[in-house]
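Colleague: fold the following and give me the result.
(one chain, ligands or ions: 1)
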Amino acid sequence: MFTKRFTLLATAAAALCVALPATAQDYPVANKPITFVVPFAAGGPTDKAARDLAVSMGKTLGTSVVIENAAGASGSIGANKVAKANPDGYTLLFFHIGQATLPTMLRNIPYKVESDFEHLGIVSENPMAVLARPTLPANNMAELVKWANDNKGKINIGNAGIGSASHLCGMLFQSALKVDMTTVPYRGTAPAMTDLIGGQIDLMCDQSTVAAPQLEGKKVKGYAVTTPKRLAPAVFKDIPSMQETGFKDFAVTIWQGLYAPKGTPAPVLKKLNDALKLAVRDPDFINKQEAGGAIVVNDARTDPAGHRAFVAAEIAKWAPVIKAAGVYAD
Ligand code: ASP
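Modeller: Next up is the predicted model:
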């Protein structure tokens, strides 16, 4: 009896010993793609940064990294998908500052940022740019402020949904100008940009990385960037910071990072974090971000603990701002 039970236990223990290291050793299997879920439409700034990171991390991991756009509900649909995914390292979330704003802005958020995700590192930061349709008559911030005051009640501002970065920036802009505008939500700022170019909406904030080519092609007008300093790329050289235009407290920095579902095995997380750390040193990844005025993060926030602490600090930073503005969605 004792011998039989002992044999069974020994067999189970041996099976466990074989199964555990195999998970890490075999990860990732060469022909099994890793998916980065992007919670916004294709062609927007979150999608662009994710695709650039996918190329760089794919080189290190030795397998393809594909993008799945799971847009809707300001990014919470895609985030929830990853929160509930199999924690095997093959389904990851690439998300921006929304990880810190949605918990306050959405009343019924279906996941917990702190406990449903493993944090894999922040990779980049960039400002938003305040943009307008090409036919809007104002040619600088002073003229835009006057135009907004002259057109109260008639102005549309696009965004990627309540709680998105563009919404946060647009909300701060309206409160700085003391002019209320009609918010037009999209499934990401890529479709909103199409409508801005076409003149269906008047204004929008979007990350500098996707604003750059549109400004270059004179498809949209740009008035200011939301970080204190002007941006390095030539296309931004005549675009002041919000602070330079007189809005002293206006500062929004968008950051982007990678997450795995809670419970992903530690050795898998280590492989992913190692690949992320190589990506933020990869000249190809760096050049692609810098071309659009983003900076690649290469500090303690590329560590899981640093990333987790930073997200917690950002939730605490933005909660009172959001509550004061009273902007919530279900
Ligand atoms: N720029 C978007 C935002 O405002 C998201 C996106 O489409 O990437 O949150």
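Colleague: when you work out contacts or count neighbours from here on, use the C-alpha atoms and nothing else.
Modeller: Fine.
Colleague: next up, the contacts around the residue most central in space within the chain.
Modeller: In the chain, the centroid-proximal residue (Cα atoms, centre = their mean) is His96; its distance is 2.0 Å. Residues counted as contacts of His96 (Cα atoms under 8 Å, 6 or more residues apart in numbering) are Thr46, Ala165, Ile254, Trp255, Gln256, Gly257.
Colleague: show the average pLDDT along stretch 66-76.
Modeller: The average pLDDT within stretch 66-76 is 95.
Colleague: other residues contacting it?
Modeller: Residues from elsewhere that reach stretch 66-76, judged by Cα under 8 Å, 6+ apart: 33-42, 47, 50-51, 54, 77-78, 95, 98, 102, 109-110, 160-164, 187-188.
Colleague: what about it, near the ligand?
Modeller: No: using Cα under 6 Å from any ligand atom, stretch 66-76 stays clear of the ligand, with a minimum separation of 7.2 Å.
Colleague: start and end of that stretch, how far apart?
Modeller: 20 Å (Cα to Cα, to the nearest Å).
Colleague: what parts of the stretch 1-150 of the chain come near the ligand?
Modeller: Phe40, Ala41, Gly44, Pro45, Thr46, Asp47.
Colleague: can you give me the helices in the stretch 101-250 of the chain?
Modeller: For the stretch 101-250 of the chain, the helices defined by DSSP state H, counting those that start in this stretch occupy 113-116, 141-150, 165-177, 189-198, 208-216.
Colleague: among the residues of the stretch 1-150 of the chain next to the ligand, name the ones in helices.
Modeller: Counting by DSSP state H, those place Pro45, Thr46, Asp47 in helices.
Colleague: just checking, the second one touches Phe36?
Modeller: No: taking Cα atoms under 8 Å as the definition, Thr46 is not a contact partner of Phe36, at 11.1 Å.
Colleague: what residues are shared contacts of those two?
Modeller: Listed as contacting both Thr46 and Phe36 by Cα under 8 Å, 6+ apart are Phe94.
Colleague: which stretches of the protein have low pLDDT?
Modeller: Low-confidence segments of the chain (pLDDT under 70): 1-24, 329-330.
Colleague: residue boundaries of the strands in it?
Modeller: 34-38, 65-69, 91-95, 117-132, 156-159, 182-185, 203-207, 221-225, 253-261, 295-296 (DSSP state E).
Colleague: now mean neighbour count too, for these, in a markdown table please.
Modeller: Below are the strands of the chain laid out as a markdown table (neighbours: other Cα atoms under 10 Å):
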| stretch | mean neighbour count |
| --- | --- |
| strand 34-38 | 24 |
| strand 65-69 | 20 |
| strand 91-95 | 27 |
| strand 117-132 | 26 |
| strand 156-159 | 24 |
| strand 182-185 | 18 |
| strand 203-207 | 29 |
| strand 221-225 | 26 |
| strand 253-261 | 24 |
| strand 295-296 | 22 |
